[in-house]
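Peer 1: From the sequence below, what's the structure:
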Amino acid sequence: LGRLDHGAGIQPLIQLSQQNQSVWLAKESMSTLARSGDPRARQYLRTAVKRTDLPEDVLTVALRALGQEYATAQDAALLREVYPTLRTDRSREAVFSALAEMGGAENTRWLLALAQNGNEPIQLRRRAVEAASRAGASITDLIKVYDTTTDPSMKQNLIGIFVRNGERPAVDKLISIVKAEENLSVRRSAINQLSRSEDPRIKAALQEIVSR
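Peer 2: Numbering: from 1, shown residues only. Here you go, the predicted structure:
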């Protein structure tokens with residue numbers, strides 16, 4: 001159906017994705033629509049993500065699809081708009097994934113704000129900061145998140161991001177963490193992750209700690 005000429009299969013696929021006798025069939029139909037650039041398929045996806053009666057597997061496909069090929073700034077805005085209505089962590093993480101893939105300043109700001117929102121569950125805030133990093137958040141902004149959070153698991157997430165980044169500001173922050181972080185478990189995590197680094201500045205910082 002997805003390969004039929006002139007989009008002849010789009011309407012049947014929409015109907016199949018709406019049937020409720022087989023979640024598998026609905027999901028596969030939605031997945032095929034997600035790969036289509038047909039305007040009818042794209043519009044249907046935008047309608048589908050607003051529904052509250054779709055099975056989670058089907059909804060997740062639609063959410064991810066809006067951030068993939070053919071995505072627009074309006075699609076990103078829609079994902080940010082529907083996020084508060086989502087009922088499961090899986091569907092919320094689908095929004096993070098879509099926005100991270102799209103990137104852009106507006107998506108990055110939204111993800112960083114969510115990561116710093118103390119009213120959100122910490123596991124979602126950690127996913128949001130990872131997505132913000134993939135979306136293109138600057139190390140400077142991520143350092144600000146580190147400096148304003150008190151949650152050890154969030155700090156450890158950010159340490160991993162700094163290690164993978166390797167830019168000078170990230171290295172400077174890592175050296176600061178191994179020297180001055182008050183939470184010993186977080187500090188130990190930083191030291192463990194940096195112990196295999198070949199960066200001479202990091203080696204010197206670790207040697208200084210050993211020599212104390």
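
Peer 1: distance of Thr85 from Leu78?
Peer 2: According to Cβ to Cβ, to the nearest Å, Thr85 stands 11 Å off from Leu78. C-beta here means a position set from N, CA and C on the backbone, and glycine is covered the same way.

Peer 1: Tell me how many other residues surround Gln116.
Peer 2: Neighbour count of Gln116, defined by other Cβ atoms under 10 Å: 17.

Peer 1: Quick check, it in contact with Thr148.
Peer 2: Yes: using Cβ atoms under 8 Å, Gln116 is in contact with Thr148, at 6.3 Å.

Peer 1: who touches the nearest residue to Leu54 once chain neighbours are set aside in this structure?
Peer 2: Leaving out its chain neighbours, the residue that sits closest to Leu54 by Cβ to Cβ, 6 or more residues apart in numbering is Ala48, at 6.4 Å. For Ala48, the contacting residues are Ser17, Met30, Leu54, Val58, Leu59, Ala62, by Cβ atoms under 8 Å, 6 or more residues apart in numbering.

Peer 1: Need phi/psi at the first one.
Peer 2: Here the main-chain torsion angles of Ser17 (degrees, to the nearest 10) amount to phi -70, psi -20.

Peer 1: Could you find the closest non-adjacent residue to it?
Peer 2: For Ser17, ignoring the flanking residues on the chain, the nearest one in space by Cβ to Cβ, 6+ apart is Ser29 at 3.9 Å.

Peer 1: wait, the one you found sits on Ile10?
Peer 2: No: assessed by Cβ under 8 Å, Ser29 is found out of contact with Ile10, at 10.4 Å.

Peer 1: who's more crowded, these two?
Peer 2: Neighbours were counted for Ser29 and for Ile10 using other Cβ under 10 Å; Ser29 has more, 24 against 20.

Peer 1: What is the burial count for Arg3?
Peer 2: Using other Cβ under 10 Å, Arg3 has 7 neighbouring residues.

Peer 1: So Leu13 versus Arg196, what's the distance?
Peer 2: Going from Leu13 to Arg196 by Cβ to Cβ gives 49 Å.

Peer 1: Which of these two has more residues huddled nearby?
Peer 2: Ranked by neighbour count (other Cβ under 10 Å), Leu13 and Arg196 place Leu13 first, with 24 against 8.

Peer 1: got the contact list for the more buried one?
Peer 2: Taking Cβ under 8 Å, 6+ apart as the contact definition, Leu13 lies against Leu1, Gly2, Ser29, Thr32, Leu33, Ala41.

Peer 1: same thing but 7 Å
Peer 2: Leu1, Gly2, Ser29, Thr32, Leu33 (Cβ atoms under 7 Å, 6 or more residues apart in numbering).

Peer 1: any idea how far Ala65 is from it?
Peer 2: 13 Å.

Peer 1: what's the answer for Val129, then?
Peer 2: Going from Val129 to Ala65 by Cβ to Cβ gives 24 Å.

Peer 1: How about Leu112?
Peer 2: Relative to Ala65, Leu112 is positioned 24 Å away (Cβ to Cβ).

Peer 1: In terms of packing, which of the two has more residues around it?
Peer 2: Relative neighbour count places Ala65 above the other of Leu112 and Ala65, with 25 against 22, counting by other Cβ under 10 Å.
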